[in-house]
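**Q** no FASTA, just this:
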Ligand SMILES: Nc1ncnc2c1ncn2[C@@H]1O[C@H](COP(=O)(O)OP(=O)(O)OP(=O)(O)O)[C@@H](O)[C@H]1O
């Protein structure tokens, strides 16, 4: 939590000015009832018009001062709180960027989005309100009571007797409200999560006619959010009438005893009016306090959720002894007895996996769905660290390399193609920030997408996605391959990245990859792709079932032979022969 408060440090001056101006408003507010008492007792009752005009003028003057202080206070409070929110959002974004994949597994995407938006806005507003009214309300209560006692001890003590009971009541409300608001934010996460899934999967939902089902799912989570919000706000709604009732009873008592004291000549009428004025001001300050409790309870829940993100230990950092020298790698990859288990799961996904790929060679990885192929890929750029064993690049354990140096050598084309909002050229150069137009075109040509891009209305400058060109699955795959190729990687990881390509395009692509002279690992379901590789790895339930060249596996591995025969029967014969 202190980490969150530290974001206020750069705005100390703004906050100090805002607080001083708020104190000016407070002093004026506490002074006004006394001025009013003076006007009544010395002006109205003694029929002295000059005094009424004089003190009336003073009252107007200080009110104008308070008004100006309020406006300038809003300006400074606004600047401090908005800048505070901006800095927290930026720091959160940077923190999330540094997350490892196991860190990501701890938070759902929607929850991170809610934390970075709604939760930050919540504490940002709290800072604004604190500088604007929050501190004023408790100070007004204490100051009002002191002033009332100074005017008349007996009547002042009546007000002072009611207030502590109400403060205790508010403390109880605060404890209850915190739990309710925390659960409200969690339910907001859920609503965002369903919404996000729906927007992403809209085509699928329409194709499967699942609209009604999804509306039901959304209504369900929306209903739960509503219930939690209602119970949180109901608690706060009960608070104000209780406060009003108690304080108005106090004011009635002041009127009753004040009446007796005025009759006895112990107090003046104006002084009774002043004490009642303090009472009404304290009452409205108490109702502000109940609102403050609501805002603070929400802000505490929000800051707790933000702190959880900041407090997440990044478990994938450069080792202290990470090698500093920038050598150009050859690209030899070696897995030595690698075991891997996802954090929080019981069963190992990879078991004792060992293999070597020589520089510039291609390894195809075949295996049933869920056999651990993608997991194996993710270990190479260290999206996750191995649980046991080691992975070496040119003989160096990748854990001893600087992360950015390792990742800079790798061109990774994930299974799920993801393109960003922007032009085709921007999407390709995303792989290499300073890529020239020539390099972008070269990568696109080798990824077999150049000709298609040329046919787009604005060529490489065509926008992708909404309001831009709509791409087929195969075109998206090839743009994401071009994005990897533009880096001229030493290691290329293709995770089922040619699945949507026709055979001719795929053959051309694989042939063109040779000029990059990079070590290539291809996950594939197609035997024809595997045949083109230098060696093949057959993965079964996280273990290496067999490894070797196509011809060796065909001779020795019945499972491989079965896959080969089944797929060739489906009509790939001529293509396969072309490679042999
Ligand atoms: N983040 C994760 N946390 C826990 N388990 C996971 C995670 N990601 C994948 N798994 C599990 O690891 C196993 C292997 O998944 P992986 O994605 O590596 O398989 P795959 O061989 O690439 O499958 P496919 O061919 O379907 O893509 C699966 O049982 C999957 O449920």
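**A** Nice, I can see it. Source: prediction; values computed, not measured.

**Q** For stretch 536-543, give the mean pLDDT please.
**A** Stretch 536-543 comes out with an average pLDDT of 91.

**Q** can you tell me if it touches the ligand.
**A** No. Stretch 536-543 is not in contact with the ligand by C-beta under 6 Å from any ligand atom; minimum separation 6.9 Å. Just so you know, the C-beta spots here come from the backbone N, C-alpha and C atoms, and that holds for glycine as well.

**Q** Pull out the buried residues from that stretch.
**A** 536-539, 542 (16 or more other C-beta atoms under 10 Å).

**Q** Can you give me every residue that contacts the nearest residue to residue 103 once chain neighbours are set aside?
**A** Sequence neighbours aside, residue 312 is the residue nearest to residue 103 in space, at 5.4 Å (criterion: C-beta to C-beta, 6 or more residues apart in numbering). The contact partners of residue 312, by C-beta atoms under 8 Å, 6 or more residues apart in numbering, come to 95, 99, 103, 106.

**Q** from the buried residues of stretch 536-543, which single one is nearest residue 228?
**A** Of all the buried residues of stretch 536-543, residue 542 has the smallest distance to residue 228: 41.5 Å, by C-beta to C-beta.

**Q** State the pair within the buried residues of stretch 536-543 that is farthest apart.
**A** Farthest pair in these, by C-beta to C-beta: 536 and 542, 17.2 Å.

**Q** Distance from the chain centre to the lengthiest helix in the chain, please.
**A** Taking DSSP state H as the criterion, the chain has its longest helix at helix 211-264. With C-alpha atoms, centre = their mean, to the nearest Å as the basis, helix 211-264 stands 32 Å off its chain's centre.

**Q** That helix packs against which elements?
**A** In terms of contacts (3 or more C-beta pairs under 8 Å, 6 or more residues apart in numbering; DSSP states H and E), helix 211-264 is packed against helix 153-200, helix 269-310.

**Q** and the last one, average pLDDT?
**A** Put plainly, it is helix 269-310. For helix 269-310, the mean pLDDT works out to 83.

**Q** same deal with stretch 36-55?
**A** The average of the pLDDT scores along stretch 36-55 is 83.

**Q** looking at the chain, which helix or strand is least sure?
**A** Sorting the helices and strands of the chain by mean pLDDT, DSSP states H and E puts helix 573-579 at the bottom, at a mean of 43.

**Q** Just to confirm, what's the three-state secondary structure of whichever residue of the stretch 51-200 of the chain sits closest to the ligand?
**A** In the stretch 51-200 of the chain, no residue comes nearer to the ligand than residue 105, which is 5.3 Å away by C-beta to the nearest ligand atom. Here residue 105 takes the helix state, with states given by DSSP: H, G, I helix; E, B strand; the rest coil.

**Q** and what of residue 417?
**A** With three-state DSSP as the basis, the three-state label of residue 417 is coil.

**Q** shouldn't it be in contact with residue 475?
**A** No. When contacts are counted by C-beta atoms under 8 Å, residue 417 is not listed as touching residue 475 (9.5 Å).

**Q** Give the closest residue to the residue of the stretch 401-550 of the chain found nearest the ligand in space, chain neighbours not counted.
**A** Across the stretch 401-550 of the chain, the shortest distance to the ligand (C-beta to the nearest ligand atom) belongs to residue 415, at 5.7 Å. In space, and not counting its chain neighbours, residue 415 is closest to residue 495: 4.3 Å by C-beta to C-beta, 6+ apart.

**Q** swap in residue 134?
**A** Excluding the flanking residues, the one nearest residue 134 by C-beta to C-beta, 6+ apart is residue 292, at 5.0 Å.

**Q** okay, now that neighbour: neighbour count?
**A** 22 (other C-beta atoms under 10 Å).

**Q** Please apply the same query to residue 346.
**A** Residue 346, neighbours per other C-beta under 10 Å, totals 6.

**Q** gap between it and the ligand?
**A** Going from residue 346 to the ligand by C-beta to the nearest ligand atom, to the nearest Å gives 10 Å.

**Q** Assign a three-state SS to that residue, would you?
**A** Secondary structure, three-state DSSP: residue 346 is coil.

**Q** Can you check what pLDDT the model gives it?
**A** Here the pLDDT value assigned to residue 346 is 83.

**Q** And the one 10 residues further on, by the same measure?
**A** What the model reports as pLDDT for residue 356 is 94.

**Q** about what we covered before: the residue of the stretch 51-200 of the chain closest to the ligand: neighbour count?
**A** Around residue 105 there are 14 other residues, counting by other C-beta under 10 Å.

**Q** What of residue 308?
**A** 13.

**Q** Can you name the residues that contact it?
**A** Shown in contact with residue 308 (C-beta under 8 Å, 6+ apart): residue 115.

**Q** wait, residue 52 sits on residue 39?
**A** Yes. With contact defined as C-beta under 8 Å, residue 52 reaches residue 39; the gap is 5.6 Å.

**Q** who's more crowded, the two?
**A** Just comparing residue 52 and residue 39: by other C-beta under 10 Å the higher neighbour count belongs to residue 39, 22 against 17.

**Q** Distance check, the more buried one against residue 149.
**A** Residue 39 is 22 Å from residue 149, where distance means C-beta to C-beta, to the nearest Å.

**Q** ok, residue 273 - contacts?
**A** Residue 273 makes contact with 33, 36-37, 40, according to C-beta under 8 Å, 6+ apart.

**Q** of these, closest to residue 332?
**A** Using C-beta to C-beta, residue 33 comes nearest to residue 332 of the contacts of residue 273, at 84.8 Å.

**Q** measure the closest residue to the residue of the stretch 51-200 of the chain closest to the ligand other than its chain neighbours to the ligand for me?
**A** Distances taken as C-beta to C-beta, 6+ apart place residue 343 nearest to residue 105, at 6.2 Å, with adjacent residues excluded. From residue 343 across to the ligand, the span is 8 Å (C-beta to the nearest ligand atom).

**Q** For residue 343, grab phi and psi.
**A** Torsion angles at residue 343 (phi, psi; degrees, to the nearest 10) stand at phi -60, psi 130.

**Q** Kindly confirm whether my reading is correct that it touches residue 104.
**A** No. Using C-beta under 8 Å as the test, residue 343 is too far from residue 104 to be in contact (10.5 Å).

**Q** Spell out which parts of the stretch 101-250 of the chain neighbour the ligand.
**A** Close to the ligand, as judged by C-beta under 6 Å from any ligand atom, the stretch 101-250 of the chain has residues residue 105.

**Q** quick one: residue 520 is in a strand?
**A** Yes. Under three-state DSSP, residue 520 sits within a strand.
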